[in-house]
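Chemist: please work out how this folds:
(chains A, B, C and D)
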2 protein chains.
Amino acid sequence: MDARQEKRNQLLYAVADHILDHGLLDASLRPMARTAGTSDRMLIYHFGSREQLIETVLEHLTDRVKESLDLALPAMPFKDRPTAIASIMNLLRTPEFRRFNAVWLEILAKAASGKETYRKTARRIMVVFADWLEQRVPKGEEDRRAAAWTLLAQIEGLVVMDAAGQSERAFGFEEQQSI
Amino acid sequence: MDARQEKRNQLLYAVADHILDHGLLDASLRPMARTAGTSDRMLIYHFGSREQLIETVLEHLTDRVKESLDLALPAMPFKDRPTAIASIMNLLRTPEFRRFNAVWLEILAKAASGKETYRKTARRIMVVFADWLEQRVPKGEEDRRAAAWTLLAQIEGLVVMDAAGQSERAFGFEEQQSI
DNA sequence: GCAGCAATGTAGCGATCGCTACAATAACAG
DNA sequence: CTGTTATTGTAGCGATCGCTACATTGCTGC
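Modeler: This is a model prediction of the structure:
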């Protein structure tokens, strides 16, 4: 690979890590650069502008979350819905995925207020997640695609409860879903 | 009421409106002050600091969302769960509540990354919503409180789908929930 | 009407922001 | 080796940030 591209990729990875650790929305060039062992000057040089850097980071993070999901759970159907939700929530409460979740909610916040880049990113991540879910929908579901999206909506609800520190209130949620 | 308190309240209301219109996280003193017809100087004078101002605004918004909810739907049980979810989502997709939702997701984002003020606020808003729901849980539910929290989790899931522009994918969600 | 406090305007501080101009250096082509 | 281009450092610009010092105005109690 082009040495330049390689350098760019290395910076991208480091910046993404910085954002996972310190948040997306008020990540500014100088701190990101410091973490990546470079200067704001060079981030602009490689990515054009902060906005393009963020956009690139978001694409990179989409790929990373997909990889992490695939790596975390095999592509085979869950036993039933309650099991599926419980397993997935256990996974999402893992430290690794908590980092993703924090950024995910930042993306959602920007998407909700209409910023197009973030809307697009949010949609892309949702589709990635839905695809991942579709491969794992419990057997016996008539429409796997629809089941995946329904499952996704339920999971997002629990993610919100977690973020608000109310996970215990919805603790019985997984079981009650199948009623 | 104290004339000073009255002025403070008027500013508070105006600032809250500004935040509903332009977002919470990067609302800075000078623009907020301009909207409220005053100066950054006076916002600090009345509220002490930007941080205290935001905290006060968040309490104020909690009250406002509670009022708006109470005003929007009478305190009587929904016919059944699907009806409940459909009605509430229709309400939350109203322009008035979209404004709240955008700020709500900003609060969640900050809460998820551990900022204590926002965690507290998120919890408070959740409780307000759960209380509101509890009064409207369909008849026949054995544990109204638990049913309210489950409903809340489902609704939050749909709010996230909306924010990500995927509401249509989960459109059948309301009906499928009762399966 | 005058003293004293409350309310407000003006100006600016120091920090940080994204970004750029310019110069120096490194790497490579001929 | 030399000339050219790619990469990087240094310095700083103009804008904005939260906040404050200081002065002025307005109001109120005596």
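
Chemist: and the helix or strand in which A:Ala102 is found, which residues are buried?
Modeler: Using DSSP states H and E, A:Ala102 maps to helix A:95-112. Neighbour counts using 16 or more other C-beta atoms under 10 Å in any protein chain shown place A:97-112 of helix A:95-112 among the buried residues. C-betas here are computed from N, CA, C, even on glycine.

Chemist: got it, and stretch A:133-143?
Modeler: A:Leu133, A:Glu134, A:Arg136, A:Val137, A:Pro138, A:Glu141.

Chemist: now the helices: where do they sit in chain A?
Modeler: Under the criterion DSSP state H, helices of chain A are mapped to A:3-22, A:29-36, A:40-47, A:50-72, A:81-92, A:95-112, A:116-134, A:144-163, A:173-176.

Chemist: need the ones you listed in JSON lines (columns: mean pLDDT and distance to DNA strand D).
Modeler: JSON lines is the format used below for these (pLDDT from 0 to 100; distance: least, C-beta to the nearest atom of the strand, whole Å):
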{"stretch": "helix A:3-22", "mean pLDDT": "96", "distance to DNA strand D": "4"}
{"stretch": "helix A:29-36", "mean pLDDT": "98", "distance to DNA strand D": "9"}
{"stretch": "helix A:40-47", "mean pLDDT": "98", "distance to DNA strand D": "4"}
{"stretch": "helix A:50-72", "mean pLDDT": "98", "distance to DNA strand D": "12"}
{"stretch": "helix A:81-92", "mean pLDDT": "95", "distance to DNA strand D": "33"}
{"stretch": "helix A:95-112", "mean pLDDT": "98", "distance to DNA strand D": "17"}
{"stretch": "helix A:116-134", "mean pLDDT": "97", "distance to DNA strand D": "20"}
{"stretch": "helix A:144-163", "mean pLDDT": "96", "distance to DNA strand D": "24"}
{"stretch": "helix A:173-176", "mean pLDDT": "51", "distance to DNA strand D": "38"}
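
Chemist: and the closest residue to chain B within chain A, how far is that from B:Ala153?
Modeler: Nearest to chain B, among the residues of chain A, is A:Gly157, at 3.0 Å (C-beta to the nearest C-beta). Taking C-beta to C-beta, to the nearest Å as the measure, A:Gly157 falls 4 Å from B:Ala153.

Chemist: chain neighbours aside, what residue packs nearest to the residue of chain A closest to chain B?
Modeler: B:Gly157 (3.0 Å; C-beta to C-beta, 6 or more residues apart in numbering or on different chains).

Chemist: which residues are in contact with that neighbour?
Modeler: A:Leu152, A:Ala153, A:Gln154, A:Ile155, A:Glu156, A:Gly157, A:Leu158, A:Val160, B:Ala170, B:Phe173 (C-beta atoms under 8 Å, 6 or more residues apart in numbering or on different chains).

Chemist: ok, A:His18 next?
Modeler: With the criterion set at C-beta under 8 Å, 6+ apart, A:His18 makes contact with A:Ala27, A:Pro31, A:Met32, A:Thr35, A:Ala36.

Chemist: I'd like to know which of these are buried.
Modeler: Applying 16+ other C-beta under 10 Å to these, the neighbour count classes A:Ala27, A:Met32, A:Thr35, A:Ala36 as buried.

Chemist: if you rank the contacts of B:Gly157 by neighbours, which is first?
Modeler: Counting neighbours by other C-beta atoms under 10 Å in any protein chain shown, A:Val160 leads the contacts of B:Gly157 with 29 neighbours.

Chemist: for that residue, which non-adjacent residue is closest in space?
Modeler: B:Glu156 (4.0 Å).

Chemist: likewise for A:Leu24?
Modeler: In space, A:Leu24 is closest to A:Glu106, 4.5 Å off (C-beta to C-beta, 6+ apart).

Chemist: distance of the one you found relative to DNA strand C?
Modeler: 14 Å (C-beta to the nearest atom of the strand, to the nearest Å).

Chemist: ok, the residue lying closest to A:Lys139 once chain neighbours are set aside - contacts?
Modeler: Spatial nearest neighbour of A:Lys139, excluding adjacent residues (C-beta to C-beta, 6+ apart): A:Pro77 at 5.0 Å. Neighbour list for A:Pro77: A:Gln135, A:Arg136, A:Val137, A:Pro138, A:Lys139 [criterion: C-beta under 8 Å, 6+ apart].

Chemist: contacting residues for the fourth one?
Modeler: If a contact means C-beta under 8 Å, 6+ apart, then A:Pro138 has A:Pro77, A:Phe78, A:Lys79, A:Asp80, A:Arg81, A:Thr83, A:Ala84, A:Ala147 as its contacts.

Chemist: nice, that's everything, thank you.
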